[in-house]
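# following is a predicted model, sequence given first.
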Amino acid sequence: MSAPPPLAAAVLARLAVAGGEPVTVDEVARDVWGVAPARRGDRVAVQKRVLMLRRLFDQGSGDGSGMIVTEPGRVSTYRLALRSDQVDLWRFQELVRDARRLPPASAVVGLSHALDLWRGRPLQDVEGYEFADGTITRLRALHETAQRELARAHTAVGDDAAALAVTERLAESLPEDLALDLTVSELRSRVREEGAVLARHHFPGMRTSVSLVSGDLLHQSDADLVIGFTDTFDTVTDDRVIHRDSLQGQLLHILFGGDRKRLDGQLRRELRHVPAVSVESRSDKRLGKLTRYPVGTIVTLWADEQQIFGVAYSRMGNDLAARSSPQDLAHGMERLWEHTARHGWRRPVAIGLVGAGLARVEGLGPQESLATVVRSFLARSRIGTVSPELRLVVRPDAIAGVGPTLFAKFLREQEDGATIEGPARIRRSPPECPCTTEGPRRPTAPGSTTMPSRP
């Protein structure tokens, strides 16, 4: 369904702002066209746009509309005849109002639902119209209130990590709010101290669970670790080949105590039976190792009692930039879980936020990367046990980009049908129309003027 033309969209917004109350044709002409008093031609212009809207959303015309009702009188009036749950503008306000009266656990659900309806700027198609100004101001204030209330509700139920994610997003939009900055700092400290479990879901049929944890990957001493490598398995941490602060750099300097000779020795042993893809010349690759191995190659390393699975999911360019793709990541994860199922000790497996460093996966954000990892793990777990727990470990400063509440919802949806066919975006599933949840629509902000289908 195409969006209505600008003037028709403005007429619809005027009716939506009225909250279901009748609006006279003269009021529409005044507020949308800026004419008062309205003349016959002005009223005809309003009527034409109403007819256009009915044809768009009722697949018909005339006064038999199910969405826009004509109430005859000395001056005709129009009323948007929809339920509150069919108009995002109305539903958002109702959800926030009701959630503020609920106990914290229920408030989290209601406020999260309300904020899921917020996409972009409210009533953006009629910004600058005087009739919309007050509503836009109220919606923005209510949006801020909803975020503050949601953070408080998360804190009240003991979910500091989720509270932090909400508060960080709000603080980004309110850079001058010093009290909010202080709250963010306090929450970060609490989450860092707690090593909090942000989300967890058990899959009894596969005898496993998936957890999202705030913390340091290298501190997961009760788990086997997964560390990403490039296809050359470079280990020089001179900030030109490998950055010292990357996971590979920390692997060398923390788990191997800076002993690169020991790490390289284990890598040579693991790779000796892996056919090389190619060998670069030193003139082409001026630093680092020259032998390339297939993407998806898995090595098993040991640092004292800590078992580490190294997976090559990216390619080291001769310009010393690591590059990967969604397909490379999916293939690397598929090979990883097969290797873990065969050679693991049935301990938890901990993996960091894949592609969060310099070796980014092209086209994937943190949520999509985690989705790829989880889907591939569950797909292999349906064949046979891989590990009793997949533990996704996220640094406290990266929590907001993941969205713990959203990720928990994603995990609940993975009971059936997970595949290893590539990444699937973890995202909100917004209603497809700003005014009704019963027909196709494009995502919009609360009260946007893109039109509904027939209710």
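Yes, it's here.
# secondary structure element for the residue with the largest distance to the centre of the chain?
Distance from the C-alpha centroid of the chain, by Cα atoms, centre = their mean, peaks at R74 (51.7 Å). Under the criterion of DSSP states H and E, R74 resides outside all helices and strands.
# pLDDT wise, what is it at?
In this model, R74 is scored at 75, pLDDT.
# for D116, same thing?
86.
# any low-confidence regions in the stretch 301-450 of the chain?
For the stretch 301-450 of the chain, applying pLDDT under 70 flags the ranges 355-360, 416-450.
# residue boundaries of the strands in it?
Assigned strands in the stretch 301-450 of the chain, in chain order: 306-316, 322-323, 349-351, 389-394 (criterion: DSSP state E, counting those that start in this stretch).
# strand partners of the shortest one, parallel vs antiparallel please.
I take that to be strand 322-323. strand 306-316 (antiparallel) (DSSP bridges).
# all helices of the stretch 351-455 of the chain, in order?
Under the criterion DSSP state H, counting those that start in this stretch, the stretch 351-455 of the chain contains helices at 366-383, 399-402, 404-412.
# let me redo that: the stretch 51-200 of the chain
Assigned by DSSP H, counting those that start in this stretch, the helices in the stretch 51-200 of the chain fall at 88-99, 104-116, 130-156, 160-173, 178-194.
# tell me the pLDDT of the closest residue to L263 other than its chain neighbours.
Sequence neighbours aside, F256 is the residue nearest to L263 in space, at 4.9 Å (criterion: Cβ to Cβ, 6 or more residues apart in numbering). Backbone N, C-alpha and C define where each C-beta goes, glycine included. pLDDT recorded at F256 is 91.
# show me the contacts for F256.
The contact partners of F256, by Cβ atoms under 8 Å, 6 or more residues apart in numbering, come to R262, L263, A303.
# the helices of the stretch 351-455 of the chain: which one's closest to R140?
Taking Cβ to Cβ, helix 399-402 is the member of the helices of the stretch 351-455 of the chain nearest to R140, at 20.6 Å.
# using PDB, write out the CA atom coordinates for that closest one.
What follows is helix 399-402, C-alpha atoms only, in PDB (Å, rounded to 0.1, in the frame of the first residue of the first chain):
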ATOM      1  CA  ILE A 399      25.800  -3.900  26.700                       C
ATOM      2  CA  ALA A 400      23.700  -1.100  25.300                       C
ATOM      3  CA  GLY A 401      24.500  -2.100  21.700                       C
ATOM      4  CA  VAL A 402      23.200  -5.700  22.400                       C
END
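# for it, list every residue counted as buried.
Using 16 or more other Cβ atoms under 10 Å as the test for burial, helix 399-402 gives I399, A400, V402.
# let me see the ranges of the strands in the stretch 151-300 of the chain.
197-203, 208-214, 224-230, 278-279, 291-292, 298-303.
# the fifth one pairs with which strands, parallel or anti?
So the one you mean is strand 291-292. Each strand that pairs with strand 291-292, with its direction, by DSSP bridges: strand 278-279 (antiparallel).
# quick one: mean pLDDT for the partner strand?
The average pLDDT within strand 278-279 is 94.
# contact partners of that strand?
By Cβ under 8 Å, 6+ apart, strand 278-279 touches L290, T291, R292.
# tell me how many other residues crowd L406.
Using other Cβ atoms under 10 Å, L406 has 17 other residues around it.
# isn't it right up against Q367?
Yes - using Cβ atoms under 8 Å, L406 is in contact with Q367, at 7.3 Å.
# first vs last residue of stretch 379-389, how far apart are they?
14 Å (Cα to Cα, to the nearest Å).
# how close does Q124 get to I68?
22 Å (Cβ to Cβ, to the nearest Å).
# neighbour count for the two, which is higher?
Neighbour comparison, Q124 and I68: the larger count goes to I68, with 20 against 16 (by other Cβ under 10 Å).
# what sits against T208?
Going by Cβ under 8 Å, 6+ apart, T208 touches H202, F377, L378, S381, T385, V386, S387, P388, E389, L390.
# I'd like those residues as CSV, with neighbour count appended.
Converted to CSV, the contacts of T208 look like this (neighbours: other Cβ atoms under 10 Å):
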residue, neighbour count
H202, 13
F377, 27
L378, 24
S381, 21
T385, 14
V386, 27
S387, 24
P388, 13
E389, 17
L390, 26
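# including distance to D224, could these go into a markdown table?
Formatted as a markdown table, the contacts of T208 follow (distance: Cβ to Cβ, whole Å):
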| residue | distance to D224 |
| --- | --- |
| H202 | 20 |
| F377 | 13 |
| L378 | 18 |
| S381 | 15 |
| T385 | 14 |
| V386 | 11 |
| S387 | 8 |
| P388 | 11 |
| E389 | 10 |
| L390 | 11 |
